[in-house]
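1. Okay, sequence plus prediction incoming.
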Amino acid sequence: MIPKILSEEIHLEDGRKIILETGKLAKQADGSVVVKMGKCMLLATVVSSRTPSPVDFLPLTVDYREKFAAAGRFPGGFFKREARPSDQEILTMRLVDRVLRPLFPSDYHAETQVMIQLMSHDEDVMPDALAGLAASAAIQLSDIPFEYPISEVRVGRVDGMFVINPSKKQLLTSDIDIIIGASENSIAMVEGEFNEITEEEMLDAISYGQSAIKDQINAQIALAKSFGKKDIRAYENEASDDGLEKQIIDTTYQNFYDVAKKGLTKGERSEQFSEIKDKFLEKFSEEEKDEKSDLISRYLKESQKKAVRDLVLNEGIRLDGRKTSEIRPIWCEVDYLPSAHGSSIFTRGETQALATATLGTSKEANIIDLPTEQDEERFYLHYNFPPFSTGEARPLRGTSRREVGHGNLAQRALKNIIPTDCPYTVRIVSEVLESNGSSSMASVCAGTMALMDAGIKIKKPVSGIAMGLISEKDKFAVLSDILGDEDHLGDMDFKVTGTSDGITACQMDIKIKGLSFDIMTKALEQARKGRLEILEHITKTISSPNDRVKDHAPKMIYRRIPNDYIGALIGPGGKVIQELQKESGCTIVVNEDPKTEEGIIEILGTSTEGIAMVESKIDSITFKPKVGEKYEVKVIKILDFGAVVEYTKAPGNEVLLHVSELAWERTENVTDVVKMGDVLEVKYFGIDSRTRKEKVSRKALFPRPDRKE
């Protein structure tokens, strides 16, 4: 049977269009849609279980995968098939998840899976910007309960003009790269990087993106209407007990409020909150506790949450006693690790990050091999979040999605301050040693100091801060430098990084249905002041990059040689370059520059003598004497018919100084004029037309005597 295919078109300002299509693929899913832009095609499906999950939250999985076949490529590796998701795929999953999750009903706990896959790739279309649109459109075609449609767009700014969903080529000259997730009326998610833009410029970009999102939402509504939007499915609501809820709040709310007001540390506060819960549980028999454990636990959490939030809104006091705009105490240190190329500690309250900077050659670049991108990163940052940082003991199961996301945010915050002529590949590793609020921003601050400690000539230092939000109806409070509990119990986590002159990166997650521009404007201004305050602590610790890299850190020298000499430098089977690396203790990397037809030689070593040895060898290999010039040579061999001499500035380059060119007078024995080890000057004449060999002369440097003499 021929399928009934329905579609809607979304027209962009520059004449491009996005097409939503359903009815052809994956019809057994609860919702299925294909999103097309140019030759790029994404398939998004959603399926949700008809029976509730036993957990007390929404078990939502968002999965995004790029198929190598979409770009006509084979996967790398031995098995030649797609395996674990790449960091870029994980980041796209997080982008979509953060917009969708708050819009499912709070009492909907059915296993739900959103799958998005790139089926066809277009070099001029970046598919991650279409993933949120595809996911929301698939949900709109289903009967799964969901508040309202959303979408995501990428906004760039090229030559002063905003562009929706720019191409990779356009992004190369763009000073803004931001992805915005929003509904028709409010912002839900923001993530991006910038070239030191102002808060006003960032808000303009977000506003521009939301206007484009409205068109995409209207297209989803129209497609669902023509498809025949299904009635929302009935589902089993959470169990509730109004009497028990009132009892718990009446009994515990004020106690939670009083503890929250004490300004305790995280450990002290947790202990006293637990005592309140334990004391309340004493009212119940073991049988009642078993029967109502889930409800009791939920209502106790709600009572605690309400007390903490009310304290902020009513009195402007936070869990640790701070005011809403106050930042926790900060201390910093650099050069903490004696063997690292650069290191720093950044501690803010109960959050601590230890960062290291490691310098290497292009051989250490991070290779990106994806269906949509083949590139390398010469600066990258890795973020590690061990369980002891929060006082927990839990299994280690590899790098989590959260670690990938936090590390990427810190990397984007710092990457544009690395100068374009930096000779090194630079890897920053942030080890989170304590965590109670915004360890990713601590990683940015520690990373900045580690770069300066390593002697990397960054353009400007960068700091970062995480902003929170508590809101109830018309009342709201924006919180600077949020705690972990404030993130968990609050409505927003808005991270902003930047220099003294502007924003370099941001990431915003919200737990409410949307965020107004008024709140976002206040949050950005409060973040700017906090960011500058944190920057003062950083620059007091280390005001500018060290003049040079540390003695034990490698020094990098670049040399360019004609391509014709690369083979001589490498040698047969790599023999020459391997021996040179062994003798000098340096790492030597050879790359070809196709634009100039030259070889780029990277020499990395800790010893100046070793680097000098490599440079001397390169000089020797590439040395080419000029006709008519004088050169200093050393006698290395005596023959009957002359002396073999070596250019002192290019050891290994030998030439025969014929006996007839030693002196004007007749020379019977070579040793009458020169001896082994003698250093003398000769003149270079090029290739002798008679012997077809290079000719040098000593006698040419002396006046020719009269014929009689």
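-> Perfect, I can see it now.

2. use CA for all of it now, contacts and neighbours both
-> Will do.

3. quick one: the strands in the stretch 1-150 of the chain?
-> With DSSP state E, counting those that start in this stretch as the criterion, the stretch 1-150 of the chain has strands at 6-11, 17-22, 31-37, 40-52, 60-66, 110-120.

4. Quick one: list the elements packing against the last one.
-> Strand 110-120 sits against strand 40-52, strand 60-66, helix 128-140, with contacts defined as 3 or more Cα pairs under 8 Å, 6 or more residues apart in numbering; DSSP states H and E.

5. Quick one: closest of these to residue 351.
-> With distances scored as Cα to Cα, the stretch of the helices and strands packed on strand 110-120 nearest to residue 351 is strand 60-66 (29.2 Å).

6. orientation of that closest one relative to helix 128-140 in degrees?
-> On the basis of axes from the mean of the first three to the mean of the last three Cα atoms, to 10 degrees, strand 60-66 is oriented at 130 degrees to helix 128-140.

7. hmm, back to that, need the winner for burial among the strands of the stretch 1-150 of the chain.
-> strand 31-37 (a mean of 26; mean count of other Cα atoms under 10 Å).

8. Out of the strands of the stretch 1-150 of the chain, flag the one nearest residue 271.
-> Distance to residue 271, taken as Cα to Cα, is lowest for strand 60-66 among the strands of the stretch 1-150 of the chain, at 31.5 Å.

9. for the closest one, packing partners?
-> Taking 3+ Cα pairs under 8 Å, 6+ apart as the contact cut, strand 60-66 packs with helix 87-100, strand 110-120.

10. can you rerun that using 10 Å?
-> strand 40-52, helix 87-100, strand 110-120, helix 128-140 (3 or more Cα pairs under 10 Å, 6 or more residues apart in numbering; DSSP states H and E).

11. Strands of the stretch 501-650 of the chain, start to end?
-> 503-510, 555-562, 587-593, 598-605, 630-639, 642-647.

12. which neighbours does the shortest one have in its sheet, and in what orientation?
-> Translated: strand 642-647. strand 630-639 (antiparallel), strand 654-658 (antiparallel) (DSSP bridges).

13. try the fourth one
-> Here strand 598-605 has these sheet partners by DSSP bridges: strand 555-562 (antiparallel), strand 587-593 (antiparallel).

14. Need these in JSON lines (columns: distance to residue 495 and mean neighbour count).
-> Formatted as JSON lines, these follow (distance: least, Cα to Cα, whole Å; neighbours: other Cα atoms under 10 Å):
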{"stretch": "strand 555-562", "distance to residue 495": "35", "mean neighbour count": "17"}
{"stretch": "strand 587-593", "distance to residue 495": "39", "mean neighbour count": "18"}
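
15. Quick check, residue 71 in contact with residue 374.
-> No. At 11.4 Å, residue 71 does not count as touching residue 374 under the criterion of Cα atoms under 10 Å.

16. Comparing the two, which residue is more hemmed in?
-> Neighbour comparison, residue 71 and residue 374: the larger count goes to residue 71, with 19 against 9 (by other Cα atoms under 10 Å).

17. residue boundaries of the helices in this structure?
-> 87-100, 128-140, 168-171, 199-227, 242-260, 266-281, 286-315, 401-415, 439-453, 484-489, 517-541, 566-570, 575-584, 608-622 (DSSP state H).

18. if you compare those helices, which one is most tucked away?
-> helix 439-453 (a mean of 31).

19. ok and that one relative to helix 517-541, angle-wise?
-> 40 degrees.

20. quick one: average confidence on stretch 606-620?
-> Mean per-residue pLDDT for stretch 606-620: 89.

21. in the stretch 1-150 of the chain, what spans have low per-residue confidence?
-> Applying pLDDT under 70 to the stretch 1-150 of the chain flags the ranges 1-2.

22. low pLDDT regions in this structure?
-> Ranges of the chain meeting pLDDT under 70: 1-2, 513-514, 707-709.

23. thinking again about what came up before, could the helices and strands packed on strand 60-66 go into TSV alongside distance to residue 424?
-> Shown next, in TSV, are the helices and strands packed on strand 60-66 (distance: least, Cα to Cα, whole Å):
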stretch	distance to residue 424
strand 40-52	36
helix 87-100	23
strand 110-120	34
helix 128-140	30
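
24. which one of the ones you listed lies closest to residue 173?
-> Closest among the helices and strands packed on strand 60-66, using Cα to Cα: helix 128-140, at 18.2 Å.

25. on that earlier part again, let's have the helices of the chain in CSV, adding distance to residue 77.
-> Compiled in CSV, the helices of the chain are given as follows (distance: least, Cα to Cα, whole Å):
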stretch, distance to residue 77
helix 87-100, 17
helix 128-140, 24
helix 168-171, 26
helix 199-227, 39
helix 242-260, 54
helix 266-281, 46
helix 286-315, 47
helix 401-415, 22
helix 439-453, 32
helix 484-489, 40
helix 517-541, 43
helix 566-570, 28
helix 575-584, 28
helix 608-622, 35
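
26. With respect to residue 681, which of those lies nearest?
-> Closest among the helices of the chain, using Cα to Cα: helix 608-622, at 17.7 Å.

27. got a list of contacts for the closest one?
-> Helix 608-622 is contacted from outside by 551, 554-562, 564-566, 568-569, 576-577, 580-588, 601, 603-605, 607, 623, 647-653, using Cα atoms under 10 Å, 6 or more residues apart in numbering.

28. Tell me how far it lies from the chain's centre.
-> Distance of helix 608-622 from its chain centroid, counting by Cα atoms, centre = their mean, to the nearest Å, is 36 Å.

29. Now do the contacts for the closest residue in space to residue 345 that isn't next to it in sequence.
-> Take residue 345 and drop its neighbours on the chain: the residue closest to it by Cα to Cα, 6 or more residues apart in numbering is residue 354, 4.6 Å away. Residue 354 sits next to 332-334, 336-337, 343-347, 429-434, 442-443, 446-447, 450 when contact means Cα under 10 Å, 6+ apart.

30. Just the buried subset of the residues you listed, please.
-> The neighbour-count criterion (16 or more other Cα atoms under 10 Å) marks 332-334, 336, 343-347, 429-434, 442-443, 446-447, 450 among those as buried.

31. so residue 261 touches residue 308, yeah?
-> Yes. With contact defined as Cα under 10 Å, residue 261 reaches residue 308; the gap is 8.4 Å.

32. Check the contact lists of these two and give me the overlap.
-> 317-319.

33. Take these and write them to a markdown table, including neighbour count and distance to residue 208.
-> Formatted as a markdown table, the shared contacts of residue 261 and residue 308 follow (neighbours: other Cα atoms under 10 Å; distance: Cα to Cα, whole Å):
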| residue | neighbour count | distance to residue 208 |
| --- | --- | --- |
| 317 | 20 | 36 |
| 318 | 24 | 35 |
| 319 | 24 | 37 |
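
34. Adding distance to residue 682, write these out as JSON lines.
-> As requested, the shared contacts of residue 261 and residue 308 are exported to JSON lines (distance: Cα to Cα, whole Å):
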{"residue": "317", "distance to residue 682": "86"}
{"residue": "318", "distance to residue 682": "84"}
{"residue": "319", "distance to residue 682": "84"}
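
35. from these, which is closest to residue 52?
-> residue 319 (35.1 Å).

36. Report the contact partners of residue 165.
-> 12, 124-130, 152-156, 171, 177-179, 209.

37. And the residues you listed, which of them are buried?
-> Judged by 16+ other Cα under 10 Å, buried ones among the contacts of residue 165: 124-130, 152-156, 171, 177-179, 209.

38. Residue 415: what's it in contact with?
-> Each residue near residue 415 by Cα under 10 Å, 6+ apart is listed here: 193, 377-381, 458, 504-505.

39. How much space separates it from residue 583?
-> 35 Å (Cα to Cα, to the nearest Å).

40. Check whether residue 276 really touches residue 257, as I assumed.
-> No. Counting by Cα under 10 Å, residue 276 does not reach residue 257; the two are 11.0 Å apart.

41. shared neighbours of those two, which are they?
-> With Cα under 10 Å, 6+ apart as the test, residue 276 and residue 257 both reach residue 304.
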